[in-house]
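**Q** Here's my sequence, what's the structure:
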Amino acid sequence: MRMSEKYSTPTAYLWSIMTTILGFFTLEQWVAVMGIVCTIGTFFINVYYRKKEYKLKERQYEDTEKNIDGNGR
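**A** Purely as a prediction, here's the structure:
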């Protein structure tokens, strides 16, 4: 088996599978699917960063309480 055949055959199979998958939907359907996927992704990214922000504010609040009570520095 020549070196070029070693890489060209899997590439040809990959592209045939991709063409089949991409041809399954129309362009409008792909746009709708990508919009849904991006919306869901944005939701989870926002949830992740809101949790981080909440934990940071909670820690700042606890530090402020310690300093007011005199238990801090």
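**Q** Distance of the most centrally placed residue in the chain relative to residue 54?
**A** In the chain, the C-alpha nearest the mean C-alpha coordinate belongs to residue 41, at 5.4 Å (C-alpha atoms, centre = their mean). According to C-beta to C-beta, to the nearest Å, residue 41 stands 21 Å off from residue 54. Any C-beta I mention is one placed from the backbone N, CA and C, and that applies to glycine too.
**Q** cool, and residue 29?
**A** 38 Å.
**Q** How about residue 69?
**A** 22 Å.
**Q** same deal with residue 70?
**A** 27 Å.
**Q** Please spell out which residues along the helix or strand containing residue 19 are buried.
**A** Secondary-structure assignment from DSSP states H and E places residue 19 in helix 3-22. By 16 or more other C-beta atoms under 10 Å, helix 3-22 has no buried positions at all.
**Q** could I get it in CSV with only the CA atoms?
**A** Provided in CSV are the C-alpha atoms of helix 3-22 (Å, rounded to 0.1, in the frame of the first residue of the first chain):
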residue,chain,number,x,y,z
MET,A,3,1.6,6.2,1.5
SER,A,4,-0.9,8.3,-0.4
GLU,A,5,-3.5,5.5,-0.4
LYS,A,6,-3.0,5.1,3.4
TYR,A,7,-4.3,8.7,3.9
SER,A,8,-6.6,9.2,1.0
THR,A,9,-8.9,6.2,1.6
PRO,A,10,-9.9,7.2,5.2
THR,A,11,-10.3,10.8,4.0
ALA,A,12,-12.6,9.8,1.2
TYR,A,13,-14.7,7.7,3.7
LEU,A,14,-14.8,10.7,6.1
TRP,A,15,-16.0,13.1,3.4
SER,A,16,-18.6,10.7,2.1
ILE,A,17,-20.0,10.4,5.6
MET,A,18,-19.9,14.1,6.1
THR,A,19,-21.7,14.7,2.8
THR,A,20,-24.4,12.2,3.7
ILE,A,21,-24.9,13.9,7.1
LEU,A,22,-24.9,17.4,5.7
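**Q** I appreciate the help and will end here.
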